[in-house]
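Enquirer: what's the 3D shape of this:
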Amino acid sequence: MSQSERRGATLDDFWVIPEGERRHELMAGELFEKAAPSGEHGAAQAGIVGAVLGPFQRRSGGGGGGGGPGGWWIATEVEILLETGDVVRPDVVGWRREQRPERPTGIPVDQLPDWVCEVVSPSSATHDTVRKLRLYHRVGIPHYWVADPRDATLTVMRWSLDGYITVLRAERHEVVRAEPFEAIMIAVGVLFGDDPRDEPRDEPRDDPRDDPRDDPRDEPRDDPRDEPRDDPRDEPRDDPRDDPRDDPRDDSPSDGSE
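Expert: Predicted coordinates:
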């Protein structure tokens, strides 16, 4: 498709592209064909899905088995028709279940996402960081992430009236809480293909009340009542009858003889 054919395109021009060949986006009357993902792009997309899908793709409160706060629908490469008439195909996208009790379905999806993540490709850097940023802000997408495999950075943005606010920019070696998924720790390097580490996991903290130390109250104490006492009745007393005194009856009378 030539540059002249790309400009001035309409939704009719978009839908005429066969679905099996349609890896395009329509923005401001221009058709953009998404490049085939590189290994780095694919690894980052898979890493982001892996980080958020397990903890959040479930009912709120962790229902449905497994752990995590839940409360989201997560999807990849979904065609989304915006109220402006533009059609985008985000790398990863999510909807809050409290606002969308049923999973968004169909082609295209016409329900506005609550979170979008784009993985930067060398050929689409300006596309993701300028054109899409402005479009997503205009339609009111609350949270926008940009993952850049070129320098292994994650940029987290929040919608505000005057434009997106960058609330976090993290590098490969960092472990962060990134809204709207701040309930979990995310190792940025894992998003770009690094092996998982132990640090990001939220381990339960020990309750000092459960500390298995010796409780002084559990120590056996000597009960003074258990000590044997001498019975005064067992003490050997002298019997006055055993006193070896001279018996006056044993004295012999004096006869005055020599």
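Enquirer: can you tell me the closest non-neighbouring residue to the residue nearest the centre of the chain?
Expert: What sits nearest the mean C-alpha location of the chain, by Cα atoms, centre = their mean, is Ile184, with 1.9 Å. Residue nearest to Ile184 in three dimensions, not counting chain neighbours: Pro55, with 5.2 Å by Cβ to Cβ, 6 or more residues apart in numbering. No exception for glycine: its C-beta is placed from N, CA and C like everyone else's.
Enquirer: phi and psi next, for the one you found.
Expert: The phi/psi pair for Pro55 (degrees, to the nearest 10) reads phi -70, psi -30.
Enquirer: so how many other residues sit close to it?
Expert: 20 (other Cβ atoms under 10 Å).
Enquirer: pretty sure it is touching Met185, no?
Expert: No. Pro55 is beyond contact range of Met185, at 10.3 Å (criterion: Cβ atoms under 8 Å).
Enquirer: which element, helix or strand, includes the residue nearest to the centre of the chain?
Expert: Take DSSP states H and E as the rule and Ile184 turns out to sit in neither a helix nor a strand.
Enquirer: is it correct that it is in contact with Val175?
Expert: No. The pair Ile184 / Val175 is not scored as a contact, 10.4 Å apart, by Cβ under 8 Å.
Enquirer: what sits against Ser124?
Expert: Counting by Cβ atoms under 8 Å, 6 or more residues apart in numbering, Ser124 makes contact with 34-35.
Enquirer: quick one on the thing from earlier: how close does the residue nearest to the centre of the chain sit to Thr129?
Expert: Counting by Cβ to Cβ, to the nearest Å, the separation of Ile184 from Thr129 is 26 Å.
Enquirer: next: Pro101.
Expert: Taken as Cβ to Cβ, the span from Pro101 to Thr129 is 33 Å.
Enquirer: those two: which is more packed in?
Expert: Taking other Cβ under 10 Å, Pro101 and Thr129 do not tie; Thr129 has more neighbours (15 against 8).
Enquirer: now do the same contact list for the nearest residue to Val52 once chain neighbours are set aside.
Expert: Computed as Cβ to Cβ, 6+ apart, the closest residue to Val52 that is not its neighbour in sequence is Phe181, at 5.5 Å. Neighbour list for Phe181: 51-52, 55-56 [criterion: Cβ under 8 Å, 6+ apart].
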